[in-house]
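1. below are the sequence and a predicted model for it; my questions follow.
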Amino acid sequence: MYISPIEVQMRNMHDLVMQTTEDGIIKAVWNMGFKVNAEQLTQALTQDRKRYEYAYDQGWNDCKKEYEEKLKKIAELAKDGEQE
């Protein structure tokens, strides 16, 4: 069994890439003359994400309920048709 002398720790790399990206975006925006409160922006985006997830789940459940009812009616009609 070969064991590589180089071990990649992906989690650390991911964190470093994310932090570098965030820092770069904030610096770029600031260079354009806009001040950004990173904490407030993160809060706003997190709240938007939660609202999106809630609405998505609600839509999914509404659709599921509607089609379960339709499939139940179809099954009942099919059952009635077999009895004839």
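-> That came in fine, so what should we check first? Numbering: from 1, shown residues only.
2. which residues of this structure fall in helices?
-> 10-31, 38-83 (DSSP state H).
3. can you redo those helices as CSV with distance to residue 2, mean neighbour count and mean pLDDT?
-> In short, each C-beta sits where N, CA and C put it, glycine included. Formatted as CSV, the helices of the chain follow (distance: least, CB to CB, whole Å; neighbours: other CB atoms under 10 Å; pLDDT from 0 to 100):
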stretch, distance to residue 2, mean neighbour count, mean pLDDT
helix 10-31, 19, 11, 81
helix 38-83, 43, 10, 90
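4. could I get these as JSON lines with distance to residue 3?
-> Putting the helices of the chain into JSON lines (distance: least, CB to CB, whole Å) gives the following:
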{"stretch": "helix 10-31", "distance to residue 3": "17"}
{"stretch": "helix 38-83", "distance to residue 3": "40"}
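5. nearest to residue 4, out of the ones you listed?
-> Among the helices of the chain, helix 10-31 comes nearest to residue 4, with 14.0 Å by CB to CB.
6. and for stretch 19-29, what are the contacting residues?
-> For stretch 19-29, the surrounding residues in contact (CB atoms under 8 Å, 6 or more residues apart in numbering) are 36, 38.
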